[in-house]
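Asker: below is the structure, and that's it, no one-letter string:
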């Protein structure tokens, strides 16, 4: 059985680490470069970096910040925000990322997934999915809808259907973020995570809502995710990466050891 991954998420706005609740009320909480180095040294399996306003503001990602983070860590590094073309993907990879995450741009132009996979390999292409619980309807039979531009624009696109499409186009991984759970620390949206994990054969990262190590255990067991994204619980010093991994291991979850 593959080890389950623990992945700190760095949401970055104007070059600074930020955090909000349900995609609003973001506050400045520090330097993303220092935080990335700190989590790497603690034993994080990967780092995810999102420039959270790039798509909404119609600009490219801050490559200088990506380069500075990449120079400080030696674990897989995924970068998203404002990536619209294969050329944008290439620039991010050349800046030091191992993976690129597309979200809003992929919904508008799904071909970017297949183009990126053809150019760089599926293992480089992550599709980020921001999802809102809306109830079952003809348009959204799963009860979950894809939302883009940092939670600002509902698309009328069923989340499970979109997940299957992304896999078919060549995505190597899906990061499923519940807007309803984001930043609440009340636990992941396990129903959503499990539905998508059961619908595809590629890895699924649970995102949004982690408030304790137990929530992460639930994400990779009940939710059937292969990894759990965390933010608030480590950004504010409530838990360390070793705290989380040791707890998960004690509960029978296979994790990579902390050096």
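Answerer: Great, that's in hand. Predicted, not measured: the structure shown is a model, and the values here were computed from it.

Asker: next, the buried residues of the helix or strand hosting residue 91.
Answerer: When elements are assigned from DSSP states H and E, residue 91 belongs to helix 86-94. Buried residues in helix 86-94, defined by neighbour count with 16 or more other Cβ atoms under 10 Å: 86, 88-89, 91-93. Where C-beta positions appear, they are placed from N, C-alpha and C, glycine not excepted.

Asker: what's the weakest-modelled helix or strand in the chain?
Answerer: Ranking every helix and strand in the chain by mean pLDDT, DSSP states H and E puts strand 24-30 at the bottom, with a mean of 58.

Asker: circling back: any idea how far whatever helix or strand comes next after the helix holding residue 91 is from the chain center?
Answerer: Sequence-wise, the next helix or strand downstream of helix 86-94 (DSSP H and E) is strand 99-102. Distance of strand 99-102 from the chain centroid (Cα atoms, centre = their mean, to the nearest Å) equals 9 Å.

Asker: neighbouring contacts of strand 99-102?
Answerer: With Cβ atoms under 8 Å, 6 or more residues apart in numbering as the test, strand 99-102 has contacts from 48, 50, 76-81, 83, 88-89, 92-93, 112-113, 116, 120, 123-128, 172-173, 175.

Asker: of the residues you listed, buried ones?
Answerer: Buried members of the contacts of strand 99-102, counted by 16+ other Cβ under 10 Å: 48, 50, 76-81, 83, 88-89, 92-93, 112-113, 116, 120, 124-128, 172-173, 175.

Asker: among those, which are located in strands?
Answerer: Residues of the buried ones among the contacts of strand 99-102 located in strands (DSSP state E): 48, 50, 77-80, 125-128, 173, 175.

Asker: in CSV: the residues you listed, plus pLDDT and distance to residue 202.
Answerer: Converted to CSV, those look like this (pLDDT from 0 to 100; distance: Cβ to Cβ, whole Å):
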residue, pLDDT, distance to residue 202
48, 94, 16
50, 86, 20
77, 95, 19
78, 96, 14
79, 94, 19
80, 92, 17
125, 98, 10
126, 98, 10
127, 98, 9
128, 96, 14
173, 98, 6
175, 97, 11
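
Asker: so which of those residues comes closest to residue 9?
Answerer: Using Cβ to Cβ, residue 48 is the member of those that lies nearest residue 9, at 4.6 Å.

Asker: mind listing the residues bridging to the closest one?
Answerer: Bridge pairing for residue 48 (DSSP bridges) gives the partners residue 9, residue 78.
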